[in-house]
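>>> Here is a sequence with its predicted model. Questions after.
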Amino acid sequence: MINNPEIGTHYDEESVLEVEDLTVTFAMGSPWRRKVLVPVNHVSFSLKKDEALGLVGESGSGKSSIAKALTRIYTPTSGEMYFHGTNVAFIRGSELRKYRQKVQMVFQDPYSALNPLKTVHQQVQRPLRLIGNTQYSVDSLLEAVGLSRDLQYKLPHELSGGQRQRVVIARAMALNPEIIVADEPISMLDVSIRASILSLMNDLRRRYHVGYLYITHDLASARFFSDRIMVMYGGHLVEIARSAELIRRPFHPYTQLLLAATPSKRQQKSALPQTGYSTPNLWSTAKGCPFAPRCLYVRGECTINRPPWTWVSSTHGVACFANELFRQPGSQM
Ligand SMILES: Nc1ncnc2c1ncn2[C@@H]1O[C@H](COP(=O)(O)OP(=O)(O)OP(=O)(O)O)[C@@H](O)[C@H]1O
Ligand SMILES: [Mg+2]
């Protein structure tokens, strides 16, 4: 067993992005009663070349805040984000513009992401022109995302939800990204077309070597799409592992709860490992593990200290004091 006090110090040359100790905070309240919200609390992980990394967690756990920090819509409060070895957490000006081309974001609602007054052609052509991209044409991008050419003179409202999301993806691809941060890209679409959008994203990954941070509430789709999955709770990264491994052997009590709540496991609902529901405390004054109020395995230290990060194997890490959950026969903690 590998104990690693610093989360994510798994540097390796394949990584395109290394996130170290990323923290995002928002100052709330009036100037004389300032409170600080911490939706991203010392999070570390890496994204390898062409990798699809899933990010799951319940509403308010900080998933979109991570996405917005990675795409530098938000400036992190502290921490580092190394893109090909350069810390991009606080870059500005032309450096930031270049980085933003390489790390594109696809949002949940494709309709609000598109300009309602511009045709598909105009919206895909604009980023091509912006960076002088002669490698692709509007036609080739529409073909790549599975849209027929006849649609290019249509306006967004004339398209279905799935077609709109394909236009958004084509527009992102026009900038030759290395990473696409997809924040619940299928959750507003009809159930019948969700799988086809994920297949398209997977196809683009292979054809154009683009990596993904795929954000979802849904562990089943994360497993379907991602090589690895990380789980967040209350702004903390609580577990990361290869997808099949995370589903087979979830260690963190929250991951176990999430898994027990997926449709195929609904019959196990009576055995959900939690003591009650409470929304996690995201204020900067919160201590210990954010899951402690709901956790069956809670003990004194959980409410005082941040749980240590343990690499149970070289690819499976978990932040929890209840190490009896992941102690293996013969291993030493
Ligand atoms: N710009 C902001 N200003 C203030 N608070 C914010 C801001 N952005 C996010 N938050 C707060 O941070 C917390 C985490 O929000 P975030 O949108 O990152 O969660 P999420 O995991 O994406 O949730 P969901 O699954 O509902 O999309 C929430 O309490 C949210 O209200
Ligand atoms: Mg979100």
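Arrived safely. Residues are numbered from 1 along each chain as shown. Ligands and ions are numbered 1, 2, ... in the order given.
>>> what's the helix or strand for the residue in the stretch 51-200 of the chain that ligand 2 sits nearest to?
Nearest residue of the stretch 51-200 of the chain to ligand 2: residue 64, at 3.1 Å (Cβ to the ion). Any C-beta I mention is one placed from the backbone N, CA and C, and that applies to glycine too. Following DSSP states H and E, one finds residue 64 within helix 63-70.
>>> Go through this structure and flag its longest helix.
What stands out as the longest helix in the chain, according to DSSP state H, is helix 191-208.
>>> Show me what the helix holding residue 64 packs onto, helices and strands only.
Here helix 63-70 touches strand 15-28, strand 35-48, strand 52-56, strand 103-106, strand 179-183, strand 211-216, going by 3 or more Cβ pairs under 8 Å, 6 or more residues apart in numbering; DSSP states H and E.
>>> what about the second one and ligand 1, any contact?
In this case it means strand 35-48. Yes - applying Cβ under 6 Å from any ligand atom, one finds strand 35-48 in contact with ligand 1 at 37, 39.
>>> Neighbours of residue 205, how many?
Using other Cβ atoms under 10 Å, the number of residues around residue 205 comes to 18.
>>> per-residue pLDDT, it?
Per-residue pLDDT puts residue 205 at 96.
>>> Now do the same contact list for it.
By Cβ atoms under 8 Å, 6 or more residues apart in numbering, residue 205 lies in contact with 50, 52, 211-212.
>>> hmm, 10 Å instead?
With contact set as Cβ atoms under 10 Å, 6 or more residues apart in numbering, residue 205 has these partners: 50-52, 180, 211-212, 225, 227.
>>> For my notes, please list these in JSON lines and give neighbour count, pLDDT and distance to residue 162 for each entry.
Shown next, in JSON lines, are the contacts of residue 205 (neighbours: other Cβ atoms under 10 Å; pLDDT from 0 to 100; distance: Cβ to Cβ, whole Å):
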{"residue": "50", "neighbour count": "17", "pLDDT": "93", "distance to residue 162": "24"}
{"residue": "51", "neighbour count": "19", "pLDDT": "97", "distance to residue 162": "25"}
{"residue": "52", "neighbour count": "25", "pLDDT": "98", "distance to residue 162": "20"}
{"residue": "180", "neighbour count": "24", "pLDDT": "98", "distance to residue 162": "17"}
{"residue": "211", "neighbour count": "23", "pLDDT": "97", "distance to residue 162": "23"}
{"residue": "212", "neighbour count": "26", "pLDDT": "98", "distance to residue 162": "18"}
{"residue": "225", "neighbour count": "25", "pLDDT": "96", "distance to residue 162": "16"}
{"residue": "227", "neighbour count": "16", "pLDDT": "98", "distance to residue 162": "24"}
